[in-house]
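Visitor: For reference, the sequence and a predicted model appear below.
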Amino acid sequence: MEITWYGHACFRLREREVTVITDPYDKSVGYTLPRLRADIVTVSHASPGHNNVAAVKGEPKVFTGPGEYEVGGIFITGIPSWHGRKQSGERLSNTIFLFEFDGLTVCHLGGLGQVPSQAQMEVLSAISVLLIPVGGGDHLDAAEAAEVIGALEPSIVVPMLYRLPDLTIPLDPVSKFLKEMGLPEPGPQDSLKISKGSLPEETQIVVLAAKQA
């Protein structure tokens, strides 16, 4: 499997003949989504930074909420959660998506705004790759992300939803999250290529470079 990040919460998950795009964004976030084609598109919540489905070419199956789905041998589970903070009084529903690819489980937390409940944590066990917000704002911040990672113990963690050049949304830089995790800032990778046999025994943090138009 190959995982590529396009900034914000948008990833391409590619396994054999099936391509998934998560949370495609529009120009309101400050940069332009490259031309992408997919078989599956998932939308975690209804905001322009996450639901620009029209930008994805092809005739993808689109999933925008909780449920169990199957496309091309990929099993997808949508789990209800919340985007935004309780204190603000303005919260949207958010869907966490689990993708099962032939022995690998990728979890995209979307715009998750609070640490999952114990019941949600139990559903999210045995994760191969966790795609997690770390930049704060209406999403998990560095300390909350570290708490979730400690509870779930995924094999690989890829941070998302943090400050990038030209981003119009005020978020913390990824360095704050890495400091919270007690790690130096590594050079970003272009993409992440993994197989079931290549997963590390201990949780590994991988920072991806954001590919943008």
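Guide: Sure, I can see it. Keep in mind it's a predicted model, so treat the numbers as computed, not measured.
Visitor: Go ahead and confirm A142 touches S175.
Guide: No: using CB atoms under 8 Å, A142 is not in contact with S175, being 9.3 Å away. Any C-beta I mention is one placed from the backbone N, CA and C, and that applies to glycine too.
Visitor: higher neighbour count, the two?
Guide: More crowded of A142 and S175, by other CB atoms under 10 Å: A142, with 23 against 15.
Visitor: I'd like to know how far that one sits from L112.
Guide: When distance is defined by CB to CB, to the nearest Å, A142 is 14 Å away from L112.
Visitor: Find residues that contact each of those two.
Guide: Applying CB atoms under 8 Å, 6 or more residues apart in numbering, one finds that no residue jointly contacts A142 and L112.
Visitor: got the contact list for the lowest-mean-pLDDT helix or strand in the chain?
Guide: Here the helix or strand of the chain ranked lowest by mean pLDDT, DSSP states H and E is helix 118-123, holding a mean of 89. Here helix 118-123 makes contact (CB under 8 Å, 6+ apart) with 77, 79, 81, 96, 98, 151-152.
Visitor: Name the member of these that has the highest neighbour count.
Guide: Counting by other CB under 10 Å, top hit in the contacts of helix 118-123: I96 with 23 neighbours.
Visitor: pull the longest helix from the chain.
Guide: The single longest helix within the chain, with elements called by DSSP state H, is helix 142-152.
Visitor: Which strands and helices lie in contact with that one?
Guide: Packed against helix 142-152 by the contact rule (3 or more CB pairs under 8 Å, 6 or more residues apart in numbering; DSSP states H and E) you find strand 129-133, helix 174-180.
Visitor: average pLDDT for that helix?
Guide: Averaged over helix 142-152, pLDDT sits at 97.
Visitor: for stretch 22-31, same thing?
Guide: Mean predicted lDDT for stretch 22-31 stands at 96.
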